[in-house]
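Using only what follows, build the 3D model:
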Amino acid sequence: MRPKLLVVDDEKNTRDALRRALEDDFEVFVAANVESSKNLMKSEPMDVVLTDLRLGSESGLDVLKLCQRQNLPPPCVVMTAYGSVESAVEAMRQGAYDYVTKPLDLEHAQLLLQRAVRTVQVEQENVHLKAQLERSFGLDRILGKSAAIEKVLDRVRQVADSKASVLLEGESGTGKELVARALHGLSSRKGGPFVAVHCAALSPQLLESELFGHEKGSFTGATERRIGRFEQAQGGTIFLDEVGEIDAATQVKLLRVLGERALERVGGNRLINVDVRLIAATHRSLDRLVQEGKFREDLYFRIRVVQIQIPPLRERPEDIPILAESFRKEYSLENGKGDLSFAPSSIKLFMDYRWPGNVRELRTAVEHGVVLAKGKTIEPDDLPNSVRRGSDGIQPRIEPASLRLDKIQKNLIDAAMDKSGKNISKAAQALGISRRTLHRKLAQSSKKGKMPR
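A predicted model of the protein is given here:
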């Protein structure tokens, strides 16, 4: 569609000439005065306005003010006589996009108007994308109504706009990065970058360079200077995922950066100030790693100013249908299957399953079901084998008081035997051990020493 252009000039010949010259590229509307301009802008939202500064007894500055009052203000280009450029400059001070002098260079005016339209389009696209980004990484992306997840959301709202470092703890797949992005998106730093680093994926040397950068020639293969992730996150947030995997030497350097708010690149000797908020995450117990001497206690206290525990999916079962439905909508749309729904038996399987991979595993299971669904419902047969079989049925619910190794082993063996109908061979196969080993373990756990045949 052609952008809408409003031409305002009190001379009819000028209006008509501009309409003819510009109508191939614009849908042109014309007005002779401020009142006509006002009425046209009420009925037709304009994309750009071209107005003469002198409109008989009126001023084009009044047209400029009309533009600025619109919900989506169109850029306003003013026309002025060659000898009155000062007036046009004053109009630009008051918010005009640009000016052209009379007599008009039509080709120049046309390019200027097109550029003005494109500038506004880019600005609007940026606003739209920013709004989408905030929605994508806001609290509305953390789905659920359980008390466990509400506790997390309350804590996020409470600490998001503080400067405190936050440690997110929870099993793999629980959504720690999503929470980190929500913390960033609700903070005053949301206009700055969010930089994520997955510490477990990098060797110690690569991680140090990734975090702090390096100078050219600082080590073999360093053929040019590299800006590290801390510098990239300037004015924003850095998210260190699996922070418990950081090696001892890098821990020392990280502690210094957090304490001094400054860093040196690898191979450099110049201090670089950094203004970054730290959010860290781990699926391991940092407290235990400190006790084992594998993580510095002073660094632990530095990054654990605020702790947020992300609950596993099995502790928030009421959220499973909500999450599953959200993922179904997403993947149904992506795969052109908008009319899909879950069979009640599929939802029951979801509710009975323990979800060792948490929300990430649920997302994958739903995508699997959407892709394989043949009709309008996602049936149990469309779901992954692990969900249908409950990980071969070996999912003993172990209470915290029963966390002794012998108890866990007995629970697993009992579950495998029940699932196999007391068939030693099938149970041994499900447990991943030999038939002879299972015989021995059964004999050890049986007071009478009797074994099923």
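
Domain-wise, how is the chain divided?
4-132, 139-309, 313-389, 400-445 (automatic domain parsing).

could you pull out the helices for the stretch 101-250 of the chain?
For the stretch 101-250 of the chain, the helices defined by DSSP state H, counting those that start in this stretch cover 106-136, 147-159, 176-185, 204-212, 229-232, 248-260.

Check what pLDDT residue 103 gets.
With respect to pLDDT, residue 103 has a value of 86.

How about stretch 368-382, which residues are buried there?
368, 369, 370, 373, 377, 378, 382 (16 or more other Cβ atoms under 10 Å). The C-beta positions use only the backbone N, C-alpha and C, and glycine is treated the same way.

List the ones among those residues that fall in helices.
Residues of those located in helices (DSSP state H): 368, 369, 370.

just curious, which of those is nearest to residue 49?
Nearest to residue 49 out of those is residue 370 (Cβ to Cβ; 48.6 Å).

measure the closest residue in space to residue 431 that isn't next to it in sequence to residue 80 for me?
Ranked by Cβ to Cβ, 6 or more residues apart in numbering and with sequence neighbours excluded, the top spatial neighbour of residue 431 is residue 416, at 5.1 Å. Per Cβ to Cβ, to the nearest Å, residue 416 is found 88 Å from residue 80.

chain center to stretch 87-104: distance?
Centre-to-centre, stretch 87-104 and its host chain are 42 Å apart (Cα atoms, centre = their mean, to the nearest Å).

Also stretch 153-170?
Stretch 153-170 sits 16 Å away from the centroid of its parent chain (Cα atoms, centre = their mean).

Please point out which parts of that stretch sit buried.
155, 156, 159, 160, 165, 166, 167, 168, 169, 170.

Repeat that for stretch 219-228.
Neighbour-count burial for stretch 219-228 flags 226, 228 (criterion: 16+ other Cβ under 10 Å).

Contacts for it next, please.
Residues from elsewhere that reach stretch 219-228, judged by Cβ atoms under 8 Å, 6 or more residues apart in numbering: 205, 209-216, 263, 265-267.

which among those residues gets closest to residue 389?
For the contacts of stretch 219-228, the minimum distance to residue 389 (Cβ to Cβ) is 40.4 Å, reached by residue 210.

Please list all residues in contact with the closest one.
Counting by Cβ under 8 Å, 6+ apart, residue 210 makes contact with 197, 202, 228, 229.

what two of those are the furthest from one another?
The span of the contacts of residue 210, defined through Cβ to Cβ, is set by 202 and 228 at 12.2 Å.

which strands and helices sit next to the helix or strand where residue 302 lies?
Element membership of residue 302, judged by DSSP states H and E, is helix 297-303. In terms of contacts (3 or more Cβ pairs under 8 Å, 6 or more residues apart in numbering; DSSP states H and E), helix 297-303 is packed against helix 248-260, helix 286-291.

Would you mind listing the buried residues in the helix or strand harbouring residue 415?
Assigned by DSSP H and E, residue 415 belongs to helix 405-419. By 16+ other Cβ under 10 Å, the buried positions in helix 405-419 come out as 410, 411, 412, 413, 415, 416, 417, 419.

what do you get for stretch 112-125?
Across stretch 112-125, burial judged by 16+ other Cβ under 10 Å covers 112, 113, 114, 116, 117, 120.

Same question for stretch 187-199.
For stretch 187-199, the neighbour count (16+ other Cβ under 10 Å) marks 187, 189, 190, 192, 194, 195, 196, 197, 199 as buried.

if I look at the last one, how far off is residue 205?
Yep, that's residue 199 we're talking about. Counting by Cβ to Cβ, the separation of residue 199 from residue 205 is 13 Å.

Unless I misread the structure, residue 17 falls within a helix.
Yes. According to DSSP: H, G, I helix; E, B strand; the rest coil, residue 17 belongs to a helix.

Counting neighbours, what do you get for it?
For residue 17, the neighbour count with other Cβ atoms under 10 Å is 15.

before we move on, what about residue 81?
Residues near residue 81, counting by other Cβ under 10 Å, number 14.

didn't it look like it was pressed against residue 100?
No. Counting by Cβ atoms under 8 Å, residue 81 does not reach residue 100; the two are 10.9 Å apart.

how about the strands of the stretch 351-453 of the chain, start to end?
Under the criterion DSSP state E, counting those that start in this stretch, strands of the stretch 351-453 of the chain are mapped to 377-378.

which regions of it sit below the pLDDT cut-off?
By pLDDT under 70, the low-scoring segments of the stretch 351-453 of the chain are 391-408, 432, 446-453.

who's in contact with residue 277?
Neighbour list for residue 277: 163, 165, 184, 187, 189, 236, 237, 238 [criterion: Cβ under 8 Å, 6+ apart].

one more time with 10 Å
By Cβ atoms under 10 Å, 6 or more residues apart in numbering, residue 277 lies in contact with 162-166, 183-184, 187-189, 192, 194, 233, 235-239.

now swap in residue 27 and tell me
By Cβ under 10 Å, 6+ apart, the residues touching residue 27 are 1, 2, 3, 4, 5, 6, 44, 46, 47.

What residues are recorded as beta-bridge partners of it?
Per DSSP bridges, the residues bridged to residue 27 are residue 4.

Adding pLDDT and distance to residue 94 as columns, could you present the contacts of stretch 219-228 in JSON lines?
Listed next are the contacts of stretch 219-228 as JSON lines, based on pLDDT from 0 to 100; distance: Cβ to Cβ, whole Å:
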{"residue": "205", "pLDDT": "82", "distance to residue 94": "57"}
{"residue": "209", "pLDDT": "90", "distance to residue 94": "51"}
{"residue": "210", "pLDDT": "91", "distance to residue 94": "49"}
{"residue": "211", "pLDDT": "94", "distance to residue 94": "48"}
{"residue": "212", "pLDDT": "93", "distance to residue 94": "48"}
{"residue": "213", "pLDDT": "91", "distance to residue 94": "45"}
{"residue": "214", "pLDDT": "89", "distance to residue 94": "50"}
{"residue": "215", "pLDDT": "88", "distance to residue 94": "49"}
{"residue": "216", "pLDDT": "84", "distance to residue 94": "50"}
{"residue": "263", "pLDDT": "93", "distance to residue 94": "45"}
{"residue": "265", "pLDDT": "91", "distance to residue 94": "47"}
{"residue": "266", "pLDDT": "89", "distance to residue 94": "52"}
{"residue": "267", "pLDDT": "88", "distance to residue 94": "53"}
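
Pick the one among these closest to residue 15.
Each of the contacts of stretch 219-228 was checked against residue 15 using Cβ to Cβ; the closest is residue 213, at 59.5 Å.

who are the neighbours in contact with the closest one?
With Cβ under 10 Å, 6+ apart, residue 213 has these contacts: 225-232, 263-268, 272.

Name the spans of the chain whose pLDDT lies under the cut-off.
Within the chain, the segments meeting pLDDT under 70 span 82-83, 127-138, 391-408, 432, 446-453.

Quick check: end-to-end length of stretch 337-344?
18 Å (Cα to Cα, to the nearest Å).

Pull out the buried residues from that stretch.
340, 342, 343.

Kind regards, and thank you for your time.
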